[in-house]
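Colleague: here are the coordinates; sequence isn't available:
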DNA sequence: GGCCGTTATTGATCTTGATCAAGTTACTCT
DNA sequence: AGAGTAACTTGATCAAGATCAATAACGGCC
């Protein structure tokens, strides 16, 4: 593995505080690998052998049931995914596929499980990471159960604006098809609703979002810090869609 | 606190493996308290000062937004809830109210956070608890996004039957109103759908469920271990509704 | 037992969102 | 550049589920 990769991984909350020697032990049995676009990295139900760290590219986490499929999250560099399955030594609950050419580091799950018994700082980091992930999914479930699709779209658009620094205009970080699935609706419905949202203070031009009347959009979205954050770690791990850039 | 309460708490996965001395440290600053029915124990957004352990009774976890409300889980003895908020030292994402007279032990969150730095076995237990809770919520989100309400009801009924030991007849462990909210639908819709499910192998008589043609119900529910479990810890913590008794 | 408030059911209607079916635009690949 | 594919949009229709309204059943409580 490259030196610069090791440094990036070392900067993750998960690995930041552990002893250098222990970090090296973990990394010695890990390896980086590049995957082409559209490759299924993980199939739900498979045993969780490796913690995955995305170095470059992006990965979609999705779930399947009875011939249906939905997007659960998109993971961007540099962050880890499916930590919980590794820890429980249980089958993956989600599948994963690359959205583009992606470079990933694979850390053997057995080494992880051994390590947090030996390194307290690492154990604490794992605890914090899991607690954050848990809270992210709870937020997500709240949004799904308490909001209708119009409100989910509005709050998503608003949150992306905040994450990009409060800008009024930005580009959607993912395809609309995928966004629709993430928000729990069909692509057609997203498209239609985006159009009707022009009356509520946001204009869509292709992948570009322009907030024309923030107050009106806020009145519709009713953003709530207990659903929409801010939550420092939520956007870094695999529990949300990636951040938009202005 | 009573000796028998301490013993029950000690048997929880979370506290089972830690050193006795450390357990006592945690318990010395904790206290048990009884609450009447219908009391709001926690309001979402409040700072997470205490880990809650239910000794007797039952507690509903619910979420509110914009005047709407939905049930997220029901916690039964003996188990803990809102561990993640305590760990993150962050506001509660969910509210909690007693469904009946309930006895609860409150453990100061600051003591918890100090303790998993000192006791590795406790840290490992916290890691396992959080990983399980995370997976439970993911299962829940999958069910909400991939299944329609008819399928959610069918799989819920089937799962309860399994949890009660594979019995063909059992009593619903919660009010239908609450079940409807947990499953993400209105009470009217649950009522109506339950009726139409008679054609699919399950009969409802008040709170009693009688599975008349299991194969037919299975064909509709398409139970999936990656959504419906089994998952040893899921039912013990605050991530699911309680288990039915036959 | 009978009263009262809550929960459950049932029916009628309405809204939201899904589905089906074209079209159009955008992107990729050679 | 142009063909081919995939993504997006738009319209028409349909189905699922919500809402509103009224009644029925249940569960505590004196």
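Modeller: On my side now, so go ahead. Because the structure is predicted, anything quoted here is derived from the model rather than measured.

Colleague: contacting residues around the closest residue to residue A:19 other than its chain neighbours?
Modeller: Excluding the flanking residues, the one nearest residue A:19 by CB to CB, 6 or more residues apart in numbering or on different chains is residue A:119, at 5.9 Å. All C-beta atoms are positioned from the backbone trio N, CA, C, and that covers glycine. The contact partners of residue A:119, taken as CB atoms under 8 Å, 6 or more residues apart in numbering or on different chains, are A:18, A:19, A:22.

Colleague: how about the helices in chain A?
Modeller: A:3-11, A:13-16, A:20-28, A:83-88, A:109-118, A:120-146, A:149-163, A:176-183, A:187-196, A:214-221, A:225-228 (DSSP state H).

Colleague: tell me how chain A divides into domains.
Modeller: According to automatic domain parsing, chain A comprises the domains A:3-141, A:147-228.

Colleague: that older thread, mind putting the helices of chain A in a markdown table, mean neighbour count, distance to residue B:211 and mean pLDDT included?
Modeller: Below are the helices of chain A laid out as a markdown table (neighbours: other CB atoms under 10 Å in any protein chain shown; distance: least, CB to CB, whole Å; pLDDT from 0 to 100):
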| stretch | mean neighbour count | distance to residue B:211 | mean pLDDT |
| --- | --- | --- | --- |
| helix A:3-11 | 14 | 51 | 96 |
| helix A:13-16 | 19 | 45 | 97 |
| helix A:20-28 | 14 | 49 | 98 |
| helix A:83-88 | 24 | 30 | 98 |
| helix A:109-118 | 16 | 38 | 97 |
| helix A:120-146 | 23 | 27 | 98 |
| helix A:149-163 | 21 | 34 | 97 |
| helix A:176-183 | 20 | 33 | 98 |
| helix A:187-196 | 14 | 36 | 98 |
| helix A:214-221 | 16 | 43 | 98 |
| helix A:225-228 | 19 | 37 | 98 |
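
Colleague: save those as TSV, and put in distance to DNA strand D too.
Modeller: Below are the helices of chain A laid out as TSV (distance: least, CB to the nearest atom of the strand, whole Å):
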stretch	distance to DNA strand D
helix A:3-11	29
helix A:13-16	32
helix A:20-28	35
helix A:83-88	27
helix A:109-118	31
helix A:120-146	9
helix A:149-163	11
helix A:176-183	3
helix A:187-196	3
helix A:214-221	16
helix A:225-228	18
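
Colleague: which one, of the ones you listed, ends up nearest to residue B:197?
Modeller: Closest of those to residue B:197 is helix A:120-146, at 22.0 Å (criterion: CB to CB).

Colleague: is that closest one in proximity to chain B?
Modeller: Yes. Helix A:120-146 is in contact with chain B by CB under 8 Å from any CB of the partner chain, via A:120, A:123-124, A:126-128, A:130-135, A:137-142, A:144-146.

Colleague: and stretch A:45-53, by the same measure?
Modeller: Yes. Using CB under 8 Å from any CB, stretch A:45-53 reaches chain B at residue A:45.

Colleague: quick one: buried residues of that stretch?
Modeller: Within stretch A:45-53, the residues scored as buried using 16 or more other CB atoms under 10 Å in any protein chain shown are A:48, A:50, A:51, A:52, A:53.

Colleague: the fourth one: what's it in contact with?
Modeller: To tie it back to what came earlier, the one meant is residue A:52. Counted by CB under 8 Å, 6+ apart, residue A:52 has contacts A:41, A:42, A:59, A:80, A:81, A:82, A:96, A:104, A:105, A:106, A:107.

Colleague: now the last one: how far from DNA strand D?
Modeller: Spelled out, it's residue A:107. 30 Å (CB to the nearest atom of the strand, to the nearest Å).

Colleague: that residue against residue A:50, yeah?
Modeller: Yes. If you go by CB atoms under 8 Å, residue A:107 and residue A:50 touch, sitting 6.1 Å apart.

Colleague: what score does residue A:245 have for pLDDT?
Modeller: We have a pLDDT of 51 for residue A:245.

Colleague: again, but for residue A:31
Modeller: On pLDDT, residue A:31 comes in at 95.

Colleague: once you drop chain neighbours, what's closest to it?
Modeller: Closest residue to residue A:31 apart from its sequence neighbours, by CB to CB, 6+ apart: residue A:106 at 6.0 Å.

Colleague: repeat for residue A:200
Modeller: Counting by CB to CB, 6+ apart, residue A:220 is the residue found nearest to residue A:200 once chain neighbours are left out, at 4.9 Å.

Colleague: so the one you found versus residue A:185, what's the distance?
Modeller: Using CB to CB, to the nearest Å, residue A:220 is found at 16 Å from residue A:185.

Colleague: go on, residue A:64?
Modeller: Taking CB to CB, one finds residue A:64 at 18 Å from residue A:185.

Colleague: same question, residue A:26
Modeller: 40 Å.

Colleague: so which of the helices of chain A is nearest residue B:205?
Modeller: helix A:120-146 (28.7 Å).

Colleague: ok, the closest one near DNA strand C or not?
Modeller: No. With CB under 7 Å from any atom of the strand as the measure, helix A:120-146 is seen stopping short of DNA strand C, the closest distance being 10.5 Å.

Colleague: that helix vs helix A:109-118, what angle?
Modeller: 110 degrees (axes from the mean of the first three to the mean of the last three CA atoms, to 10 degrees).

Colleague: re the thing from before, show the pLDDT at the residue nearest to residue A:31.
Modeller: With respect to pLDDT, residue A:106 scores 98.

Colleague: can you verify my assumption that it contacts residue A:34?
Modeller: No. Contact between residue A:106 and residue A:34 fails when scored by CB under 8 Å: they sit 11.8 Å apart.

Colleague: more crowded one of these two?
Modeller: Taking other CB atoms under 10 Å in any protein chain shown, residue A:106 and residue A:34 do not tie; residue A:106 has more neighbours (16 against 12).

Colleague: beta partners of the more buried one?
Modeller: residue A:31, residue A:52 (DSSP bridges).

Colleague: got the contact list for residue A:102?
Modeller: Counted by CB under 8 Å, 6+ apart, residue A:102 has contacts A:34, A:35, A:37, A:54, A:56, A:57, A:58, A:59.

Colleague: which of these are buried?
Modeller: Buried, going by 16+ other CB under 10 Å: A:35, A:54, A:56, A:57, A:58, A:59, out of the contacts of residue A:102.

Colleague: among these, which are in reach of chain B?
Modeller: When CB under 8 Å from any CB is applied, no member of these is adjacent to chain B.

Colleague: okay, and which of those residues map to strands?
Modeller: A:35, A:54, A:56, A:59 (DSSP state E).

Colleague: give the bridge partners for the first one, please.
Modeller: Which is residue A:35. residue A:102.

Colleague: who touches it in this structure?
Modeller: The contact partners of residue A:35, taken as CB under 8 Å, 6+ apart, are A:41, A:57, A:98, A:101, A:102, A:103, A:104.

Colleague: which pair in the residues you listed has the greatest spatial separation?
Modeller: Checking the contacts of residue A:35 with CB to CB, the most distant pair is A:41 and A:101, at 12.6 Å.

Colleague: and these two? Which one has more around it.
Modeller: Comparing residue A:41 with residue A:101 by other CB under 10 Å, the one with more neighbours is residue A:41, at 21 against 14.

Colleague: thought the more buried one was touching residue A:96?
Modeller: Yes. Using CB under 8 Å, residue A:41 is in contact with residue A:96, at 4.5 Å.

Colleague: okay, and the common contacts of those two?
Modeller: A:52, A:59.
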